[in-house]
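1. Model the following, please.
(one chain, ligands or ions: 1)
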Amino acid sequence: MSGDAGPPPVIACVKARPAGAPSCGGAGSRAVLEALRAEAARRGLPLRIEEVQCLGRCQQGPTLRILAGAFFTGMTPGRVGEVCDALAAQVFPAAGRHRPTPPPGHP
Ligand code: FES
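-> Prediction:
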């Protein structure tokens, strides 16, 4: 990590290969990132995404990884809450004590 006080980056593979070749881009990584940004914003969760061109799990994509943490493979827009939960556990280790209040109208 760079030493700044920001959240650990979510490393996201966005590699796109020609049709028939497995790749995260070909499996919908952009839609997953769009959903992840929306869910993090809804939760008031700071998010930093670093896009990369391969995480070595091309057959299992879309693939994400929180820096130095577990891989999230076979991601879909509907599963981005899993990434947010893991990120929140790192950003807000004392859950509930330092967590920002979501904006009005959001649970
Ligand atoms: S293309 Fe995404 S992990 Fe290789």
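2. where's the residue lying farthest from the centre of the chain relative to residue 34, distance?
-> Distance to the chain centre peaks in the chain at residue 20, reaching 25.2 Å (criterion: CA atoms, centre = their mean). According to CB to CB, to the nearest Å, residue 20 and residue 34 sit 25 Å apart. No exception for glycine: its C-beta is placed from N, CA and C like everyone else's.
3. Please apply the same query to residue 78.
-> According to CB to CB, residue 78 and residue 34 sit 12 Å apart.
4. of those two, who's got more company?
-> The neighbour comparison of residue 78 against residue 34 (other CB atoms under 10 Å) goes to residue 34, with 13 against 9.
5. ok but the more buried one is inside a helix, no?
-> Yes - counting by DSSP: H, G, I helix; E, B strand; the rest coil, residue 34 is located in a helix.
6. Would you confirm that it contacts residue 77?
-> Yes - in this structure, residue 34 is within contact of residue 77 by CB atoms under 8 Å, at 7.3 Å.
7. Specify the local secondary structure of the nearest residue to residue 26 once chain neighbours are set aside.
-> Nearest residue to residue 26, sequence neighbours excluded (CB to CB, 6 or more residues apart in numbering): residue 16, at 5.6 Å. Recorded secondary structure, residue 16: coil (three-state DSSP).
8. can you tell me which residues contact residue 16?
-> 23-26 (CB atoms under 8 Å, 6 or more residues apart in numbering).
9. of these, closest to residue 70?
-> Of all the contacts of residue 16, the one with the least separation from residue 70 (CB to CB) is residue 24, at 16.4 Å.
10. what about stretch 55-64, near the ligand?
-> Yes - using CB under 6 Å from any ligand atom, stretch 55-64 reaches the ligand at 55-58, 61, 63.
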